[in-house]
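*Asks:* What follows is a protein structure lacking sequence information:
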């Protein structure tokens, strides 16, 4: 994992691309629908969440492919450390590189959409709970499509349906707070999804990797 | 006892399953034509007009069986996937691959008839309610499964990757099934349940069950036909195929 982090920091472009993609997508929308404040505030949770979702997709394809290309992945599969642990490390790295910057950037973009301060807090909290789900589920998709032609488009086709629950509850939490209802329920469900996906995903992903490596 | 065990394994081999499927197909296709015709007749002519929804409700005879089957086929796919991953059988992967297009068809039918039904009843083709959305996700899952299978050249790898995806996606099935109870949505509650008396006229229920059985036999017939094609494609170099291809 440390090795991955070092690699990621050396290639600044990787995590900066994801971050700038997030900023660009969310900034294009107001230009598209017009700068009306009440409307913007209404669509803000959805827009910010979809932006976060798409920008994590960007990094996913490279999650295993370079290691697969130079044979490191096979070494990992043969090593005495369980593959699931290594996969979990990779997921954490992906989250640190693609998820965390998005979470930190989100309140600033939320300001552009005129979200009140309390909702900004909920937004950050929901993204903090939600982006690890995206990394965990995405890793499975990356492992399944490893080394396939048209992997990128296929990856989004496989993964986006599985992202929908996280999107619904994440954006739902912010929306609930905006309309004056407690976001507690949405956040709890999001937390449950997080626990489930983080628990099962490394295991299933390592199975998928072994299938891909055969 | 030992006899029945041997019989189970006997049909796990493509070489023995192929002729069996061939013998079953005409029966199920005939049955499906009969049952669907009978079910449609009950649905369109015999069943009384509904008090609240008048004639428009009659689409239920296609909508509900199609939705049941779309969910059920996914469960069957997941079952065969689990079996295929656990026992490493070839046939289960082929069956899963054969089931997916039919399942996608039924999921699409269920969404489409739902839209046609929703327009006069709710005044909208589509509403973003939990059950509709999760059924749409199911449709996407089918599409993703088919896309993943067709993107992998090696059929064994395609089977196993697809099996893993099918097993992950099966989480969605209970969500669809219970969504009308968990969330208070626009979609009406389940009309049929195993535990309590059905909340509809007897004849309607009868028509619906007959339609469901008809759809089942259709699905079985089509899937068996498709699995025969897949078996032939994959086993083309084997001895038994060459012997069989003559007749």
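*Replies:* Received it, and whenever you're ready, just let me know what you need. Just so it is clear, the structure is predicted and the values come from calculations on it, not from any experiment.

*Asks:* can you pull out the helices in chain A?
*Replies:* Assigned by DSSP state H, the helices in chain A fall at A:2-10, A:12-33, A:37-60, A:62-69, A:72-78, A:83-94, A:100-112, A:117-144, A:151-178, A:184-213.

*Asks:* when you scan whichever strand or helix holds residue B:97, is anything in it near chain A?
*Replies:* Secondary structure assigned from DSSP states H and E places residue B:97 in helix B:90-122. No: residues of helix B:90-122 contacting chain A under C-beta under 8 Å from any C-beta of the partner chain: none, with a closest distance of 11.8 Å. C-beta: built from backbone N, CA, C; applies to glycine.

*Asks:* how many degrees apart are whatever helix or strand comes next after that helix and helix A:117-144 in direction?
*Replies:* With elements assigned by DSSP H and E, the helix or strand that comes after helix B:90-122 is helix B:130-151. Put simply, helix B:130-151 runs at 30 degrees to helix A:117-144, going by axes from the mean of the first three to the mean of the last three C-alpha atoms, to 10 degrees.

*Asks:* Tell me the buried residues in helix B:130-151?
*Replies:* B:130-149, B:151 (16 or more other C-beta atoms under 10 Å in any protein chain shown).

*Asks:* Just checking that helix against chain A, any contact.
*Replies:* Yes: counting by C-beta under 8 Å from any C-beta, chain A has neighbours in helix B:130-151: B:133, B:137, B:140-141, B:143-144, B:147-148, B:151.

*Asks:* Near chain B, which residues of chain A? Just list them.
*Replies:* Within chain A, the positions lying close to chain B (C-beta under 8 Å from any C-beta) are A:140, A:144-145, A:148-151, A:154, A:157-158, A:160-162, A:164, A:168, A:204, A:207-208, A:211-212, A:214.

*Asks:* For stretch A:116-133, which outside residues touch it?
*Replies:* Contact with stretch A:116-133 is made by A:45, A:48-49, A:52, A:56, A:91, A:95, A:98-100, A:102-103, A:106-107, A:110-111, A:115, A:166, A:169-171, A:173-174, A:177-178, A:183, A:186-187, A:190-191, A:193-194, A:197-198, as judged by C-beta atoms under 8 Å, 6 or more residues apart in numbering or on different chains.

*Asks:* mind redoing it with 6 Å?
*Replies:* A:52, A:95, A:99, A:103, A:106-107, A:110, A:166, A:170, A:173-174, A:177-178, A:183, A:190-191, A:193-194, A:197 (C-beta atoms under 6 Å, 6 or more residues apart in numbering or on different chains).

*Asks:* Likewise for stretch B:19-36?
*Replies:* Residues contacting stretch B:19-36 (C-beta under 6 Å, 6+ apart): B:11, B:210, B:213-214, B:217-218, B:220-221, B:224-225, B:228.

*Asks:* Now it: buried residues?
*Replies:* Residues B:21, B:25, B:28-29, B:31-32, B:35-36 are the ones in stretch B:19-36 that count as buried (16+ other C-beta under 10 Å).

*Asks:* so what pLDDT did residue 114 get?
*Replies:* All of this refers to chain A. pLDDT, residue A:114: 77.

*Asks:* nope, chain B please
*Replies:* Reading off the model, residue B:114 has pLDDT 83.

*Asks:* any weak-confidence spans in chain B?
*Replies:* B:1-10, B:48-56, B:179-201, B:242, B:244-247 (pLDDT under 70).

*Asks:* OK, contacts around the residue positioned nearest the centre of it?
*Replies:* Centroid-nearest residue in chain B, with C-alpha atoms, centre = their mean: residue B:73, separated by 3.4 Å. Applying C-beta under 6 Å, 6+ apart to residue B:73 gives the contacts B:99, B:103.

*Asks:* try 7 Å
*Replies:* Residues in contact with residue B:73, defined by C-beta atoms under 7 Å, 6 or more residues apart in numbering or on different chains, are B:99, B:102-103, B:106, B:219.

*Asks:* and which of those residues is nearest chain A?
*Replies:* The shortest approach to chain A among these belongs to residue B:103, at 14.4 Å (C-beta to the nearest C-beta).

*Asks:* element containing the closest residue to that closest one other than its chain neighbours, please.
*Replies:* Distances taken as C-beta to C-beta, 6 or more residues apart in numbering or on different chains place residue B:73 nearest to residue B:103, at 3.7 Å, with adjacent residues excluded. Here residue B:73, judged by DSSP H and E, is contained in helix B:60-87.

*Asks:* Also compute the angle for that helix relative to helix B:90-122, please.
*Replies:* Using the same axes, to 10 degrees: helix B:60-87 against helix B:90-122 is 150 degrees.

*Asks:* How far off centre is helix B:60-87?
*Replies:* 5 Å (C-alpha atoms, centre = their mean, to the nearest Å).

*Asks:* Pull out the buried residues from it.
*Replies:* Applying a neighbour-count criterion of 16+ other C-beta under 10 Å, one finds B:60-74, B:76-81, B:83-85 buried in helix B:60-87.

*Asks:* so what does the helix or strand harbouring residue B:213 touch, helix or strand wise?
*Replies:* If you go by DSSP H and E, residue B:213 is part of helix B:202-234. Contact analysis of helix B:202-234 by 3 or more C-beta pairs under 7 Å, 6 or more residues apart in numbering or on different chains; DSSP states H and E lists helix B:14-41, helix B:60-87, helix B:90-122 as its packing neighbours.

*Asks:* How about residue B:206, nearest residue that isn't a chain neighbour?
*Replies:* residue B:42 (6.4 Å).

*Asks:* Identify the residues contacting the one you found.
*Replies:* B:203, B:206-207, B:210.

*Asks:* ranking these by neighbours, who comes first?
*Replies:* Counting neighbours by other C-beta atoms under 10 Å in any protein chain shown, the top entry in these is residue B:207, with 25 neighbours.

*Asks:* how near is the nearest residue to residue B:156 once chain neighbours are set aside to residue A:131?
*Replies:* Spatial nearest neighbour of residue B:156, chain neighbours left out: residue B:93 (7.4 Å); criterion: C-beta to C-beta, 6+ apart. Separation of residue B:93 from residue A:131 (C-beta to C-beta, to the nearest Å): 34 Å.

*Asks:* Please apply the same query to residue B:172.
*Replies:* For residue B:172, the distance to residue A:131 - C-beta to C-beta - is 22 Å.

*Asks:* These two - which one has more neighbours?
*Replies:* More neighbours surround residue A:131 than the other of residue B:172 and residue A:131, with 27 against 21 (other C-beta under 10 Å).
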